[in-house]
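Chemist: could you look at this predicted model? Sequence included:
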Amino acid sequence: MIPVAKPYLTEDEVNATRDVILSGWVTQGPKVAEFEEEFAHFVGAKFACATSSCTSALHLTLQSCGVRPGDVVITVSHSFIATANAIRFCGAEPVFIDIDLATYNMCPDSLRRFLTNQCDQRKDGLYFQNVSQLLAAEETPLNYVEQHIGRVSAILVVHQMGMPCDLQSILEIASEYDVPVIEDAACAAGSEISFDVGKTFEKIGRPHGHAACFSFHPRKVMTTGEGGMITTNDEDIWRKVKLLRHHGMDLSDVQRHESRLVQMEQYVTTAFNYRMTDVQAAMGLEQLKKLPALVERRRSIVGAYRKALADVDCLSLPEEGAGIHTNWQSCPVRVGEGAARTRDEIMQWLLDKDIATRPGIMNAHLEEPYQNKMWHLPNSETARAETIILPVYHTLSDKGIEFIVEQLKLAVS
């Protein structure tokens, strides 16, 4: 069976985690601090904070950037449901913007139309006009908040499948309305973006908005099993997320352990247990060393797919713009007119040949907690319905790629 994804783990990770386990310090400690420092350096950020997952990273970041109960956060439906759930964790509600079908990411023109036509500027901020329609959703936290309902407190963009969104345009629009931008970079470790039409590139996570949040789930390019990371250049946000991930304790375990004086910690705010362990961090440090090579191999694999499928009119892969270097965490291919079989039938054909695939990225607004008649997101729904995610992983052989392409061509012909 050819899987759709497979983490690349070697004896390096085994030995690194073995050393941590035998050290006796397996919870958040010195290895986490080292991983944070190395990851921040890799992406070019001033600060980094490791967490238990990208979901927890998003929750901490949204809260630290001022998202409060009753607010709304502008995001895309076309993403894993954790993107929307993290907003609900803050007592806020997601408001969905459609995507650009060429990139699978938030459409800047749709964002501008939304901010111009569906929001009002008040003395204390920007407000969403149609809050009454949000209240139709049974699970929305807005039903329990009486004041300041509808304040637009953030824009949460997603670098979907590792392909950076049009950050330059979105940041310019957000700046006009004075709304913070947070990057859901769950899939984007190793991806790069240019702000000068391809002359120079910067890592996603630098960050370019207020903060960026990464995932280290096994489906991602680099993994710690589970785990996440927040990067920011804002020291205030960094201090807040570090406090919130560790029960609001004003003294870290390392500080207590290394002190030669008795230390009595205090708990200064209501907070969470969103810590990464040193075992995970040790794995992450080894994976980070491999990340450039992992990304290079994925780019080679997708290049091979693109070349081999160039003459198949009913199949299309997303194009990288001049300012985009994606890590190809996933390789989506859209099934268009002229295919002999439906998208689902093609996936079944491939599975019958021992080739695993996945459907296009889910849409949160089609899931029960977020269903609402107000959402009109045709591009997001098209991307979900017409896309197949092909296998991409470090050890996928050239022979395996040829077999996948051969069977895919047979399935659509």
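Modeler: That came through, no problem. Numbers count the residues shown, from 1 in each chain.

Chemist: how long is stretch 83-101 end to end?
Modeler: Terminal residues of stretch 83-101 are spaced 19 Å apart (CA to CA, to the nearest Å).

Chemist: hmm, I typed the wrong one, I wanted stretch 214-230.
Modeler: OK, stretch 214-230 end separation, CA to CA: 6 Å.

Chemist: can you pull out the helices in the chain?
Modeler: Residue ranges of the helices in the chain, as given by DSSP state H, are 11-23, 30-43, 54-64, 82-89, 108-117, 131-134, 167-177, 235-244, 253-258, 278-308, 343-352, 378-386, 398-412.

Chemist: can you add distance to residue 323 and mean neighbour count and give these back as JSON lines?
Modeler: (Glycine included, C-beta is placed from N, CA and C.) Output for the helices of the chain, formatted as JSON lines (distance: least, CB to CB, whole Å; neighbours: other CB atoms under 10 Å):
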{"stretch": "helix 11-23", "distance to residue 323": "33", "mean neighbour count": "15"}
{"stretch": "helix 30-43", "distance to residue 323": "17", "mean neighbour count": "20"}
{"stretch": "helix 54-64", "distance to residue 323": "24", "mean neighbour count": "27"}
{"stretch": "helix 82-89", "distance to residue 323": "23", "mean neighbour count": "23"}
{"stretch": "helix 108-117", "distance to residue 323": "13", "mean neighbour count": "16"}
{"stretch": "helix 131-134", "distance to residue 323": "35", "mean neighbour count": "15"}
{"stretch": "helix 167-177", "distance to residue 323": "7", "mean neighbour count": "17"}
{"stretch": "helix 235-244", "distance to residue 323": "26", "mean neighbour count": "19"}
{"stretch": "helix 253-258", "distance to residue 323": "40", "mean neighbour count": "13"}
{"stretch": "helix 278-308", "distance to residue 323": "16", "mean neighbour count": "19"}
{"stretch": "helix 343-352", "distance to residue 323": "30", "mean neighbour count": "16"}
{"stretch": "helix 378-386", "distance to residue 323": "21", "mean neighbour count": "18"}
{"stretch": "helix 398-412", "distance to residue 323": "27", "mean neighbour count": "16"}
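
Chemist: any chance of those in TSV, plus distance to residue 225?
Modeler: Putting the helices of the chain into TSV (distance: least, CB to CB, whole Å) gives the following:
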stretch	distance to residue 225
helix 11-23	10
helix 30-43	13
helix 54-64	13
helix 82-89	16
helix 108-117	35
helix 131-134	36
helix 167-177	29
helix 235-244	21
helix 253-258	21
helix 278-308	6
helix 343-352	26
helix 378-386	28
helix 398-412	25
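
Chemist: now tell me which of these the model trusts least on average.
Modeler: Per-segment confidence across those bottoms out at helix 253-258, which has a mean of 67 in mean pLDDT.

Chemist: check the offset of stretch 65-81 from the chain's centre.
Modeler: In terms of CA atoms, centre = their mean, to the nearest Å, the centre of stretch 65-81 is set 13 Å apart from its chain centre.

Chemist: and the helices of the chain: which comes nearest residue 216?
Modeler: Proximity to residue 216 (CB to CB) singles out helix 278-308 among the helices of the chain, at 6.2 Å.

Chemist: what packs against that closest one?
Modeler: In terms of contact count using 3 or more CB pairs under 8 Å, 6 or more residues apart in numbering; DSSP states H and E, helix 278-308 is assigned the packing partners helix 11-23, helix 30-43, strand 331-335, helix 398-412.

Chemist: keeping just the C-alphas, turn stretch 303-313 into PDB.
Modeler: Extracted as PDB, the C-alpha positions of stretch 303-313 are listed here (Å, rounded to 0.1, in the frame of the first residue of the first chain):
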ATOM      1  CA  GLY A 303       7.400  18.600  -9.900                       C
ATOM      2  CA  ALA A 304       7.300  15.000 -11.200                       C
ATOM      3  CA  TYR A 305       3.500  14.900 -10.800                       C
ATOM      4  CA  ARG A 306       3.200  18.200 -12.600                       C
ATOM      5  CA  LYS A 307       5.300  17.100 -15.600                       C
ATOM      6  CA  ALA A 308       3.700  13.700 -15.900                       C
ATOM      7  CA  LEU A 309       0.100  15.100 -15.700                       C
ATOM      8  CA  ALA A 310       0.700  18.100 -17.900                       C
ATOM      9  CA  ASP A 311      -1.100  16.500 -20.900                       C
ATOM     10  CA  VAL A 312      -4.200  15.400 -18.900                       C
ATOM     11  CA  ASP A 313      -6.700  18.200 -19.500                       C
END
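
Chemist: send me stretch 234-248 as CSV with only the CA atoms.
Modeler: Listed next in CSV are the C-alpha coordinates belonging to stretch 234-248 (Å, rounded to 0.1, in the frame of the first residue of the first chain):
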residue,chain,number,x,y,z
ASP,A,234,5.9,40.8,19.7
GLU,A,235,7.4,40.3,23.1
ASP,A,236,4.0,41.0,24.9
ILE,A,237,2.3,38.2,22.9
TRP,A,238,5.2,35.9,23.6
ARG,A,239,5.0,36.4,27.3
LYS,A,240,1.3,36.0,27.3
VAL,A,241,1.3,32.7,25.4
LYS,A,242,4.1,31.3,27.6
LEU,A,243,2.1,32.2,30.7
LEU,A,244,-1.2,30.8,29.4
ARG,A,245,0.3,27.4,28.2
HIS,A,246,1.5,26.6,31.8
HIS,A,247,-1.4,27.1,34.1
GLY,A,248,-0.7,30.8,34.4
